[in-house]
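K.L.:
Turn this into a model:
(one chain, ligands or ions: 1)
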Amino acid sequence: MNCLTTLIVSIMNNFMPVLPYDTDGLAPVISKETIEYHYGKHLQTYVNNLEKLTRGTALEGEEIEDLVIESPEGPVYNNAGQVLNHQLYFLQFTPNPRTDRPEGKLATLIVRDFGSFEELKKKMTEQSIILFGSGWVWLCMNEHGGLEITSCPNGDNPLRHGKLPLLGFDVWEHAYYLDYQNRRADHIARLWEIINWDEVSRRAE
Ligand code: MN
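P.N.:
Residues are numbered from 1 along each chain as shown. Predicted coordinates for the structure are as follows:
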């Protein structure tokens, strides 16, 4: 294996997204300390586990989406699900949102399927609060192009169920405990302030 091939393989196997903001960029909604633990420790551990589990196997070099969709229940699936979840999560935020709500086609679909943006926020917040234990709440697009809110336990991802994830709230305690302790609802209420709607809309294209 020459150097170039080694480099390509190492990039293909590096599932860590590059944060599009500084670690303190989302404060006070999400503190620097939480980003350092959540991105730097939790996500890095899922990435390390997934790389260790796939290296030297037929799965090496597979796209993360394919690993999530095709892996049987078990360690590869659990870690791949969490890697994809967190890639989408960290890339959906921005310190300087251009708008405080979706625009264009996504805005039209939200009105069609939820009645209003306020109603979507209310429903997604409610789902985040009632999800028992650890998991994720997603705004996603189903196979018919309709929008829906889907709750996923643990590291599950809507892609596994034929739905396209657009916006995800991580309700594992590690996502908010340092900043909000047990007040999950307070954390979710503030997340709306840092969403990059351009990125969320792009996912729906
Ligand atoms: Mn997390």
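K.L.:
gap between the two ends of stretch 92-106?
P.N.:
Taking C-alpha to C-alpha, to the nearest Å, the span from the opening residue of stretch 92-106 to its closing residue is 15 Å.
K.L.:
average pLDDT across it?
P.N.:
When pLDDT is averaged over stretch 92-106, the result is 97.
K.L.:
starting at the chain centroid, how far to that stretch?
P.N.:
Averaging C-alpha positions (C-alpha atoms, centre = their mean, to the nearest Å) puts stretch 92-106 16 Å from its chain's average.
K.L.:
which residues touch that stretch?
P.N.:
Contacting residues not belonging to stretch 92-106 are listed as 20-22, 25-26, 30, 107, 110, 117, 166-168, 191-201, 204-205 [C-beta atoms under 8 Å, 6 or more residues apart in numbering]. Bear in mind the C-beta positions are built from the backbone N, C-alpha and C, glycine included.
K.L.:
do it and the ion meet?
P.N.:
No: applying C-beta under 5 Å from the ion, one finds that stretch 92-106 is not in contact with the ion, the shortest distance being 13.0 Å.
K.L.:
do stretch 27-35 as well
P.N.:
No: with C-beta under 5 Å from the ion as the criterion, the ion is not reached by stretch 27-35; the gap is at least 9.9 Å.
K.L.:
Any residue of stretch 131-149 touching the ion?
P.N.:
No: judged by C-beta under 5 Å from the ion, stretch 131-149 and the ion are separated, with a smallest distance of 8.4 Å.
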